[in-house]
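Novice: Sequence plus predicted model, see below.
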Amino acid sequence: MANEITTRDNLPAVSDNGLLTGTLDRASEIRHVMATDRDRYRREGLDQELAGLIQAETYGDSAPLTPLPATQSQALFKSTAEGAELAAAWRGAPGGFEGQLALAQKAASQILAGVGDQTAQKAFTERFSRSLTERARYHVYNELRNGAAANVQPVSSGDVQIFRNTQAGAELVEEWGVHAPFRVARVWERFDRLKRALADDDDFDSFVDWYAALKPEMVKTICRYLSA
């Protein structure tokens, strides 16, 4: 849930990825394209980018987090080897990169909606970006894109007890009631899928360390999404 897929919060005066030359200059550039090349304006999603720039200029630090246009997101993916690998895989999937990105963005937006206000969402995404390895972060994007775990078997009552050993787990089990064995099974299957995808223990450990440090309410938000 980092800047490659879901955030267009307060855009910096000079970005750290070399894609922007400045908020006002970029807005002027897009307006020029809008006036002179409407096909490019639509094709590259510049209407969405301009809306985000205006939003950032208007609201400053309180600008809401919104999805990046596919063209800009793909450029960020391609800036690293790990991101380029995932972008290539998504281009070959149904709907291409844009379709797969939309699935990941929808999932990330659902999680962020439960995190809190705009300040909390920004802190959440920034910590996510800092804490995970590059490879782990892109695999999380892919797991978001993969969607719900299907055909899982409910866990045993003993496993439910294990799940409820934390504050967040106990509260979720109470919330889920008789559906807890199925919901826990779905959560664990999503985590297992990510672990299987990340063959390097250091990559998965970076995810585990990030997750373990989350506050109970954030853990509950994530598990509600994973169990749906």
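Specialist: Yes, it's here.

Novice: List the contacts of the closest residue to Tyr141 other than its chain neighbours.
Specialist: Nearest non-adjacent residue to Tyr141, counting by C-beta to C-beta, 6 or more residues apart in numbering: Ala104, 5.1 Å away. In short, each C-beta sits where N, CA and C put it, glycine included. In this structure, Ala104 makes contact with 5, 141-142, 144-145, judged by C-beta atoms under 8 Å, 6 or more residues apart in numbering.

Novice: Can you report the mean pLDDT over the residues of stretch 196-213?
Specialist: Computed over stretch 196-213, the mean pLDDT rounds to 92.

Novice: ugh, wrong one, stretch 103-123
Specialist: For stretch 103-123, the per-residue pLDDT averages 89.

Novice: same check, this time on stretch 37-56
Specialist: 74.

Novice: re earlier: any chance of the contacts of Ala104 in CSV, plus secondary structure?
Specialist: Formatted as CSV, the entries for the contacts of Ala104 read as follows, by DSSP: H, G, I helix; E, B strand; the rest coil:
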residue, secondary structure
Ile5, coil
Tyr141, helix
Asn142, helix
Leu144, helix
Arg145, helix
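
Novice: okay, these in CSV with neighbour count, pLDDT and distance to Lys78 next?
Specialist: Below are those laid out as CSV (neighbours: other C-beta atoms under 10 Å; pLDDT from 0 to 100; distance: C-beta to C-beta, whole Å):
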residue, neighbour count, pLDDT, distance to Lys78
Ile5, 26, 71, 13
Tyr141, 26, 95, 14
Asn142, 16, 96, 16
Leu144, 24, 94, 19
Arg145, 22, 94, 17
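
Novice: from the residues you listed, which is closest to Arg224?
Specialist: Distance to Arg224 across these (C-beta to C-beta) is lowest for Leu144, with 14.3 Å.

Novice: show me what contacts the closest one?
Specialist: Residues touching Leu144, when contacts are defined by C-beta under 8 Å, 6+ apart, comprise 103-104, 107-108.

Novice: try Ser157
Specialist: Pro181.

Novice: and the host helix or strand of Thr125, what other elements does it pack with?
Specialist: Using DSSP states H and E, Thr125 falls within helix 118-131. When contacts are defined as 3 or more C-beta pairs under 8 Å, 6 or more residues apart in numbering; DSSP states H and E, helix 118-131 packs onto helix 96-113, helix 201-212.

Novice: let's go with 10 Å and repeat that
Specialist: Using 3 or more C-beta pairs under 10 Å, 6 or more residues apart in numbering; DSSP states H and E, the elements in contact with helix 118-131 are helix 96-113, helix 134-146, helix 201-212, helix 216-227.

Novice: Out of those, which is the most enclosed?
Specialist: Per-residue neighbour counts averaged over each of those give the maximum for helix 134-146, namely a mean of 21 (mean count of other C-beta atoms under 10 Å).
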